[in-house]
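J.: Take this sequence and fold it.
(one chain, ligands or ions: 1)
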Amino acid sequence: MSVPTATGALLAEDGVRFAVRATGLLAEFNARGVLAATDVQVAHRLGRLGGETDEQVLLAAALTVRALRAGSVCLDLSAVDRTVLAEGDELVDTSDLRWPEPESWTAACAASPLVAADDATATGHPLRLVDGLLYLDRYWRQEEQVRGALATRAAAPPPVVDEARLRAALDRLFRGGPDATDAAQRRAVAVCTLRWISVLAGGPGTGKTTTVATLLAVLRDQDPSLRIALAAPTGKAAARMQEALAEVDLPPGDRERLAGPSASTIHRLLGPIRGSSRFRFDRHRRLPYDVVVVDETSMVSLTLMARLLEAVRPDARLVLVGDPDQLASVEAGAVLGDLVAAPADPEPHLDHALERVGAPGPPVTGGVTVLDRTWRFHGTIAALAAAIRAGDADAAVAALRAGQHDVVFVEDADLTVRDPAGLRALRDEVVGAASETELAALDGDAPLALSRLDEHRLLCAHRRGPFGVTRWAADVERWLLEAGPVADRDEEWYPGRPLLVTANDHDRGVYNGDTGVVIATPKGPRAVFARGNAPIAIAPSLLDAVTTVHAMTVHRAQGSQFARVSVILPPAESPLLTRELLYTAVTRARVTVRLVGSEEAVRAAIARPIGRASGLRRHR
Ligand SMILES: Nc1ncnc2c1ncn2[C@@H]1O[C@H](COP(=O)(O)OP(=O)(O)OP(=O)(O)O)[C@@H](O)[C@H]1O
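T.: Residues are numbered from 1 along each chain as shown. Model (predicted):
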């Protein structure tokens with residue numbers, strides 16, 4: 001049975017939306033779950049407005065709208081039949097759909113009145129076709145804007161740098177000299193100093209924050225009056241950036257040079273205008289900073305990156321920091337990954353300058369430096385993460401099966417029967433960590449309760465269903481009740497209740513994605529959140545967007561780390577199971593990671609890199 005909805009779609013009982021008026025190819029793709037009703041409706045509306053009835057073109061338009069939802073900036077007409085995944089939790093075989101033949105499909109799109117094809121000056125078309133990639137025009141413009149901003153900065157004379165002073169500062173801050181283990185960091189600092197725009201890429205614990213702190217000290221050593229802005233895509237990431245920078249160990253004089261800048265979200269930096277999607281700072285009114293450092297750049301969408309680039313003065317240094325192998329932004333675009341992967345022209349003048357300041361090495365292109373030495377975790381987690389990133393499933397499975405204390409593989413396909421001992425261990429871990437948190441919370445010890453809270457985290461790929469957060473959180477709740485909790489759980493704000501903030505609250509200084517815990521105090525329960533050495537405490541009645549967090553999605557956990565992590569993998573068929581997801585999940589763990597799932601699921605994830613389509617990746 002189906003029920004009509006306001007948008008003229010039918011919502012079947014299983015939740016799949018069917019477009020009422022869809023016929024032919026569009027109906028076929030809609031029925032298979034590849035296109036949502038809204039994709040079909042947008043395509044029809046575009047067709048009506050532009051006088052296009054060719055169903056192949058309308059299919060391409062609908063798939064382009066759909067691609068954006070799935071994180072791609074455009075549609076690669078020659079590859080979409082191999083890369084498209086149905087929405088929802090199950091893989092659908094899309095190979096027997098009537099995919100148009102790529103060459104004639106591309107030709108039909110190129111000839112369509114809806115499409116501007118290979119003519120950068122054409123305007124007024126909703127779609128644009130460039131090198132076989134079909135865009136909604138707005139996204140093509142954003143990509144061009146990013147490309148233009150990169151080109152302008154690469155073509156401009158480089159920043160004026162006192163090279164002798166730079167070399168002296170590098171020698172002071174990197175004691176080991178150019179051949180030491182930290183040579184890559186030294187080089188990265190030099191590149192970011194010598195270029196207007198640079199990308200500092202690296203996995204967790206590779207020293208990105210340490211390098212940024214050193215860079216800021218070096219820049220202020222060049223010019224003490226430099227105005228510096230620090231930003232991140234989420235409030236939580238911004239708070240963490242600030243804390244992490246404050247903790248970096250620098251010689252006293254250099255530490256003082258760092259004083260001043262505080263981190264904010266990119267949105268806040270750009271100055272949102274109420275009721276508008278525009279910002280106060282844009283290409284007409286640039287940000288008043290000489291240096292802008294963005295952390296967790298992998299989470300920045302193409303749209304936000306375009307806005308940021310137009311607002312940063314071309315003669316300000318922009319440093320994009322992040323891990324390109326992690327899950328990308330929820331919105332379309334994977335700009336950091338694209339910038340790291342895209343080919344760029346050699347820059348001999350930069351390479352010579354690097355040699356002069358004692359930071360020699362292979363040629364740097366596009367201002368990209370990659371830190372690949374892990375300083376924080378060693379052993380099997382690092383080996384597992386490296387194998388996943390490299391797409392080496394055999395090595396990943398070997399690391400999982402190595403029987404080491406830091407990587408535990410609970411091989412289980414259905415999560416109930418096959419490995420009861422493994423699941424009991426998971427349960428003990430969860431209950432043990434929650435009890436420790438509760439004890440500290442009952443004592444009113446905020447720092448201890450917060451550190452206990454981050455001792456263990458249960459992560460799922462899915463939100464719902466047997467492998468999802470909702471089900472596992474309910475299981476944890478039950479386990480805790482069965483274990484006989486210390487605190488009285490009938491109270492809403494019981495000590496030890498783990499909290500997840502679900503919306504930004506600038507007034508209270510808590511942000512979407514923040515986790516905290518309720519503690520007992522003489523004044524009653526308080527929700528506490530980590531902020532460096534001084535946690536903030538808020539009366540629970542003042543918080544309106546929080547939930548209990550016994551488990552969270554891997555997406556949510558991006559940008560956070562925990563001592564121990566347990567990951568519930570969905571079956572191999574889940575389209576959410578990708579290499580980036582597995583890598584992000586595993587690298588959330590500092591000490592131990594436990595993977596619950598099948599070898600088949602691990603192999604399926606590693607074999608499926610997300611591969612978001614974009615033109616930036618092909619050439620910047
Ligand atoms: N050159 C170095 N020598 C010694 N220790 C280092 C060096 N660089 C970084 N570390 C140490 O490694 C750890 C991780 O460094 P840092 O926090 O800078 O990495 P990160 O890449 O920012 O990590 P994350 O992405 O997880 O925030 C820190 O404890 C830091 O002190």
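
J.: per-residue pLDDT, residue 280?
T.: Note for residue 280: predicted pLDDT of 94.

J.: which residue packs closest to it, ignoring adjacent ones?
T.: Spatially, and ignoring its direct neighbours in sequence, residue 280 is nearest to residue 271 (3.1 Å; CB to CB, 6 or more residues apart in numbering). Heads up, the C-betas are built off the backbone N, CA and C, glycines and all.

J.: Quick check: residues of the stretch 351-500 of the chain near the ligand?
T.: Proximity of the stretch 351-500 of the chain to the ligand, by CB under 6 Å from any ligand atom, involves residues 375-376.

J.: Okay, now the unreliable bits of the stretch 351-500 of the chain?
T.: 377-378, 413-419, 485-489 (pLDDT under 70).

J.: mind listing the helices in it by residue range?
T.: Using DSSP state H, counting those that start in this stretch, the helices of the stretch 351-500 of the chain run over residues 379-390, 393-401, 420-442, 446-453, 469-482.

J.: Ok, the stretch 51-200 of the chain next?
T.: Using DSSP H, counting those that start in this stretch, helices in the stretch 51-200 of the chain cover 55-69, 80-83, 102-111, 137-155, 163-173, 183-194.

J.: elements contacting the longest one?
T.: The reference is to helix 137-155. strand 127-130, strand 197-202, helix 302-311 (3 or more CB pairs under 8 Å, 6 or more residues apart in numbering; DSSP states H and E).

J.: mind checking the longest strand of this protein?
T.: strand 589-597 (DSSP state E).

J.: related to what we said a few turns ago, looking at the helices and strands packed on helix 137-155, which is nearest to the ligand?
T.: strand 197-202 (5.3 Å; CB to the nearest ligand atom).

J.: That closest one versus helix 137-155: what angle between them?
T.: Angle, strand 197-202 to helix 137-155, by axes from the mean of the first three to the mean of the last three CA atoms, to 10 degrees: 100 degrees.

J.: and the following helix or strand past strand 197-202, how far out from the chain's middle?
T.: For strand 197-202, the following helix or strand on the C-terminal side (DSSP states H and E) is helix 208-222. Computed by CA atoms, centre = their mean, to the nearest Å, the separation of helix 208-222 from the middle of its chain amounts to 24 Å.

J.: buried sites along helix 208-222?
T.: 208-221 (16 or more other CB atoms under 10 Å).

J.: domains in the protein, as residue ranges please.
T.: 24-137, 156-371, 379-607 (the TED database).

J.: For residue 146, find the nearest of those.
T.: Judged by CB to CB, the one of the domains of the chain that comes nearest to residue 146 is domain 156-371, at 5.5 Å.

J.: Might you report the residue contacts of the residue located most distally from the centre of the chain?
T.: Relative to the mean C-alpha coordinate of the chain, counting by CA atoms, centre = their mean, the farthest residue is residue 522 (39.8 Å). Residues in contact with residue 522 (CB atoms under 8 Å, 6 or more residues apart in numbering) are residue 444.

J.: what about it, which SS state?
T.: coil (DSSP: H, G, I helix; E, B strand; the rest coil).

J.: just to revisit the earlier point, Throw the domains of the chain into a markdown table and include distance to residue 613, thanks.
T.: Formatted as a markdown table, the domains of the chain follow (distance: least, CB to CB, whole Å):
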| stretch | distance to residue 613 |
| --- | --- |
| domain 24-137 | 4 |
| domain 156-371 | 10 |
| domain 379-607 | 15 |
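
J.: looking at those, which is closest to residue 149?
T.: That would be domain 156-371 among the domains of the chain, by CB to CB, at 3.9 Å.

J.: That closest one: how far from the chain's middle?
T.: 17 Å.

J.: average pLDDT for the longest strand of the chain?
T.: 94.

J.: Could you list the paired strands of it along with their orientation?
T.: Using DSSP bridges, strand 589-597 pairs in its sheet with strand 407-411 (parallel), strand 562-568 (parallel).

J.: Tell me if I'm right that the residue nearest to residue 280 and residue 282 touch.
T.: No - counting by CB atoms under 8 Å, residue 271 sits too far from residue 282 to count as a contact (9.2 Å).

J.: Can you point out the buried residues in stretch 389-403?
T.: Going by 16+ other CB under 10 Å, stretch 389-403 has these buried residues: 389, 393, 395-397, 399-400.

J.: Then stretch 109-127?
T.: 109, 112, 114-117, 125-127.

J.: which one in the residues you listed is the model shakiest on?
T.: Within the buried residues of stretch 109-127, pLDDT is lowest for residue 117, at 87.

J.: Can you name the residues that contact that one?
T.: 109-111, 128-130.

J.: Find the closest residue to the ligand in the stretch 301-450 of the chain.
T.: For the stretch 301-450 of the chain, CB to the nearest ligand atom, closest residue to the ligand: residue 375, 3.1 Å.

J.: so that residue sits right up against residue 206, yeah?
T.: Yes - in terms of CB under 8 Å, residue 375 counts as a neighbour of residue 206; the distance is 6.8 Å.

J.: Please enumerate the shared neighbours of these two.
T.: With CB under 8 Å, 6+ apart, residue 375 and residue 206 have no common neighbours.

J.: Cool, thanks, signing off.
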